[in-house]
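Asker: Generate coordinates for the sequence data below:
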Amino acid sequence: MALSALALSKAKPREKPYKLADGHGLYLLVTPQGGRYWRMNYRFDGKAKTMAMGVFPLITLAEAREKREDARKLLAAGSDPCAKRKEIEAQEAFEATTGFRIVAEEWLAKREREGLGDITIGKIKWLLEFAYPSLGDRKIGEITSMELLAVLRQVEGRGRHETARRLRSVCGRVFRYAIATGRKRSKSPTFS
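Answerer: Prediction:
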């Protein structure tokens, strides 16, 4: 029998944890401490599994049902919903480290460990400061050639043609480093 909003509102803690089933494996787990957690039981590769789907009331009944249907679609396609969620979470965590500034500083730290001189490191940091206001917080895979060109033109507009040329070279190295670490998407600018 499907759950109702009334049944959820009446779900009070008991001495032992208990479940309120909604169907197709979805249920609300009510703990003695008063916690109410959405869970879904399913089978994958012949093994029984349970997937956490959030906390009630932050996740409503409708949202929990939607998550259940998404999980059922993954199961029908031959994928484990828990494994898929972990994959998505790992990708999101990885993408959080793909900002231009973060990648540039990582590349610069690597170059420093490889023995690049302090003066050269200082010059590169100085050059990158021209790019950070516009590109620093942008994901490196989303930066277009036109955006970088706009930064370079700003620098040239101040009469610093050699600085713009060197900045272009440094940015190119940062983007190539991002390709090597798997952080760059194909639509990003390419440099020679």
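Asker: In terms of secondary structure, what does the longest helix seen in the chain contact?
Answerer: For the chain, the longest helix by residue count, based on DSSP state H, is helix 161-180. Packing partners of helix 161-180 (3 or more Cβ pairs under 8 Å, 6 or more residues apart in numbering; DSSP states H and E): helix 100-113, helix 118-135, helix 145-157. The way it works is simple: take the backbone N, C-alpha and C, and place the C-beta from them, glycine included.
Asker: what pLDDT does the most centrally placed residue in the chain get?
Answerer: Centroid check for the chain by Cα atoms, centre = their mean gives residue 92 as the closest residue, at 1.6 Å. In this model, residue 92 is scored at 77, pLDDT.
Asker: Now do it against residue 61, distance only.
Answerer: Going from residue 92 to residue 61 by Cβ to Cβ, to the nearest Å gives 26 Å.
Asker: The residue nearest to the centre of the chain: helix or strand, and which one exactly?
Answerer: helix 81-95 (DSSP states H and E).
Asker: about what we covered before: report the mean confidence score over the longest helix of the chain.
Answerer: What helix 161-180 shows for mean pLDDT is 93.
Asker: what's the spacing between it and its chain's center?
Answerer: Counting by Cα atoms, centre = their mean, to the nearest Å, helix 161-180 is centred 25 Å from the centre of its parent chain.
Asker: what's the answer for stretch 11-26, then?
Answerer: Per Cα atoms, centre = their mean, the centroid offset for stretch 11-26 relative to its chain is 32 Å.
Asker: That stretch: end-to-end distance?
Answerer: End-to-end span of stretch 11-26 (Cα to Cα, to the nearest Å): 16 Å.
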